[in-house]
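Undergrad: I would like to see how this sequence folds:
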Amino acid sequence: MTKTLVQNFGKNVSFTPAIFAEPKDEHEVIELLRQHRGKSVRVMASRHAWSDAIKTDGLLISTRHLTQVKLNPDHQSVRVGAGCKIKHLLKFLKKHGLTLPSVGLIDEQTIAGATATGTHGSGKHSLSHYIRSVRLAHYQAATGEPVFSELDSGAELRAARCSLGLLGVIVEIEIEVRPSYQIEEHMKRHASLASILKSETQYPLQQFFVMPWSWDFYCQHRRETPAETSRTALLYRTYWHLGIDWLLHLVLLLLAKFLGIPRLIRGFYRLVLPRTIIRNWIVTDDSHAILTMDHDLFRHIEIELFVSRSNLEAALNHVRETITVFGDGATHEQNRNLMPENLIPENDRGNYCHHYPICVRRIRADDTLISMASPATPNSKEDWYSISLISFQWPHLRSGFFAFANSLAGSMQEKFNARCHWGKFNPLDKSANINLYPHLEEFREIAERYDGQARFANRWLKKAILDDDSTDS
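TA: This is a model prediction of the structure:
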């Protein structure tokens, strides 16, 4: 155990816990809780998050040694140590002809960190939805002693599937698996959102991009297929890895970080990028190869907003107008009713030029209490769509992005009941979240049952979710 400075991937969260520990097994986790009874406790996973979820001035536990994996005899689920990275779990499952039922854009996250914050892919539920049980270390209410509990049914399981660490320290989860599968993919430009949504029945795993400043739509059409891997699959992966993961990002870094000239950014999207995107190249490959990117190669910060399908079109128009006001200083006359300029302070207008493609993914409603894709009303089955907005600006020059993200989070919540991703920049407080999550009160009651003293919370979580308004970090 050492005292050390902790920073997240985006370098927007930095703190020094009183105690930093890396237990070798779950019994050491219990001993740590016993030794530091009374202190605040948070858990650190891969640090690939931008919210304040991991911050604490007490005990910070890293789960990086809790990486055990055991396939259940029926090959329907697997038990995984909290600190196992998704890429290592997928590699293990591949040996048995299996994979996860849903995969996010990156595979560097740990399984517990990804599920505890509602990580998702496109066209399926979030990873949290597929959890069958959670093994948890927490303080027993009656005695105050640290104990293990297995949450495997009912509302407690639905709370534990996406818990933000508020129930205790997750040491192991059991999650569903499925046979490995192939995906067919191709990129296509669309003239409208309606055209993209119409194609969902044919390509249920698709995701699409809205290009800032040109406002073109490009969709990665995806669907499962029994076909074998294409002969050009390796060439296609090389194109994506070198052309998108590296070259495109290097260009955007140059434009956003080193030059910072808005007209060059706008010109790139209007004149250059459309000529570099290869369309209608149909390729079949393994699902893991198709669904993931090396999105973590370059440091960035991100806000991701979730809206229901019925609000998607209006929400995307609102995002466009907000980007326009922050980038140009004025709205389009025809859309002035969507974004009156007086909603954004004068000194913020023209102060942030958005420079990254806007990624939109569909998530089916989760069987959880507070994941971002949990039902909007108790019985709702409506799909959710995530809208991701990324910035490559230097960490010390992000004031424009934060003004933009704060404005967008507040206005989107007010107009479209938009939720913010728990693991990304998330400024929404309890007064907003209580209206966004119909099961939040039920979640809080369960959290209190497992952590009556809020030892596993921190200042941000208390402000965003819990009733406790104390200033502990």
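Undergrad: excluding its backbone neighbours, what's nearest the residue sitting nearest the centre point of the chain?
TA: Geometric centre of the chain, nearest residue: Thr119, 4.6 Å, by CA atoms, centre = their mean. Distances taken as CB to CB, 6 or more residues apart in numbering place Gly104 nearest to Thr119, at 4.5 Å, with adjacent residues excluded. From N, CA and C alone the C-beta is placed, and that goes for glycine too.
Undergrad: from memory the one you found sits against His120, does it?
TA: Yes - assessed by CB atoms under 8 Å, Gly104 is found in contact with His120 at 6.2 Å.
Undergrad: so what sits against both of these two?
TA: Counting by CB atoms under 8 Å, 6 or more residues apart in numbering, the common neighbours of Gly104 and His120 are Leu127.
Undergrad: among these two, which residue is more densely surrounded?
TA: Per other CB atoms under 10 Å, whichever of Gly104 and His120 has more neighbours is His120, with 30 against 22.
Undergrad: from His138, how far out is that one?
TA: According to CB to CB, to the nearest Å, His120 and His138 sit 26 Å apart.
Undergrad: next one: Ser374
TA: Remark: distance between Ser374 and His138 (CB to CB) = 22 Å.
Undergrad: give me the nearest residue to Leu408, chain neighbours excluded.
TA: Nearest residue to Leu408, sequence neighbours excluded (CB to CB, 6+ apart): Thr322, at 5.2 Å.
Undergrad: secondary structure element for the one you found?
TA: Assigned by DSSP states H and E, Thr322 belongs to helix 312-328.
Undergrad: who's in contact with whatever helix or strand comes next after that helix?
TA: Once helix 312-328 ends, the next helix or strand along the chain (criterion: DSSP H and E) is strand 358-363. With CB under 8 Å, 6+ apart as the test, strand 358-363 has contacts from 105, 120-126, 200, 206-212, 306, 309, 312, 316, 319, 372-373, 383-389.
Undergrad: try stretch 132-148
TA: For stretch 132-148, contacts defined as CB under 8 Å, 6+ apart pick out 26, 29-30, 33-34, 37, 77, 149-152, 157, 160-161, 163, 167-176, 449-453, 455-456.
Undergrad: buried ones only from those residues, please, as a ChimeraX command.
TA: In ChimeraX, this line selects whichever of the contacts of stretch 132-148 come out buried by 16 or more other CB atoms under 10 Å:
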select :26,29,30,33,77,149,151,157,160,161,163,167,168,169,170,171,172,173,174,175,450,451,455,456
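Undergrad: list the contacts for Leu312?
TA: Contacts of Leu312 (CB under 8 Å, 6+ apart): 193, 197, 360, 385.
Undergrad: which parts of the chain are helices?
TA: 26-35, 86-94, 111-116, 154-161, 193-198, 233-238, 249-253, 262-267, 287-291, 312-328, 399-416, 430-436, 440-450, 459-464 (DSSP state H).
Undergrad: just the C-alphas of the third one, formatted as PDB.
TA: The reference is to helix 111-116. What follows is helix 111-116, C-alpha atoms only, in PDB (Å, rounded to 0.1, in the frame of the first residue of the first chain):
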ATOM      1  CA  ILE A 111     -15.300  -6.200 -16.900                       C
ATOM      2  CA  ALA A 112     -16.500  -4.800 -13.600                       C
ATOM      3  CA  GLY A 113     -15.600  -1.200 -14.500                       C
ATOM      4  CA  ALA A 114     -17.400  -1.500 -17.900                       C
ATOM      5  CA  THR A 115     -20.600  -3.100 -16.400                       C
ATOM      6  CA  ALA A 116     -20.700  -0.800 -13.300                       C
END
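Undergrad: quick one: list the elements packing against it.
TA: Helices and strands touching helix 111-116, as assessed by 3 or more CB pairs under 8 Å, 6 or more residues apart in numbering; DSSP states H and E, comprise helix 86-94, strand 169-176.
Undergrad: ok, the second one next?
TA: Using 3+ CB pairs under 8 Å, 6+ apart as the contact criterion, the secondary-structure elements in contact with helix 86-94 are strand 69-71, strand 77-81, helix 111-116.
Undergrad: what angle separates the second one from strand 169-176?
TA: What that stands for is strand 77-81. Put simply, strand 77-81 runs at 160 degrees to strand 169-176, going by axes from the mean of the first three to the mean of the last three CA atoms, to 10 degrees.
Undergrad: show residues contacting strand 77-81.
TA: Taking CB under 8 Å, 6+ apart as the rule, strand 77-81 contacts 63, 66-72, 89, 92-93, 98, 111, 132, 171-177.
Undergrad: can you check stretch 16-27 too?
TA: Stretch 16-27 has contacts (CB under 8 Å, 6+ apart) with 1-6, 28-29, 31-32, 36, 39, 42, 56-66, 135, 137, 148, 171-172.
Undergrad: now it: average pLDDT?
TA: Across stretch 16-27, pLDDT averages out at 95.
Undergrad: buried residues in that stretch?
TA: Using 16+ other CB under 10 Å as the test for burial, stretch 16-27 gives 17, 19-23, 26.
Undergrad: and stretch 406-422, by the same measure?
TA: 407-409, 411-413, 416-422.
Undergrad: okay, Ser374 and His138: which has more neighbours?
TA: Counted by other CB under 10 Å, Ser374 and His138 do not tie: Ser374 has more neighbours, with 28 against 21.
Undergrad: list the contacts for the more buried one?
TA: Going by CB under 8 Å, 6+ apart, Ser374 touches 162, 365-366, 368, 437, 439.
Undergrad: since we're on Lys95, how many residues are nearby?
TA: Lys95 has 8 neighbours, counted by other CB under 10 Å.
Undergrad: and the gap between it and Val103?
TA: Lys95 is 17 Å from Val103, where distance means CB to CB.
Undergrad: ditto for Leu254
TA: Distance, Leu254 to Val103, by CB to CB: 30 Å.
Undergrad: report the mean confidence score over the helix holding Thr322.
TA: Across helix 312-328, the average pLDDT comes to 93.
Undergrad: just the buried residues of that helix, please?
TA: By neighbour count with 16+ other CB under 10 Å, helix 312-328 contains the buried residues 312, 315-316, 318-327.
Undergrad: what about the stretch 201-350 of the chain, any weak spots by pLDDT?
TA: Along the stretch 201-350 of the chain, segments meeting pLDDT under 70 span 329-343.
Undergrad: was I right to think Ala15 contacts Val6?
TA: Not Ala; residue 15 is Phe. Yes - using CB under 8 Å, Phe15 is in contact with Val6, at 5.8 Å.
Undergrad: cheers, nothing more for now.
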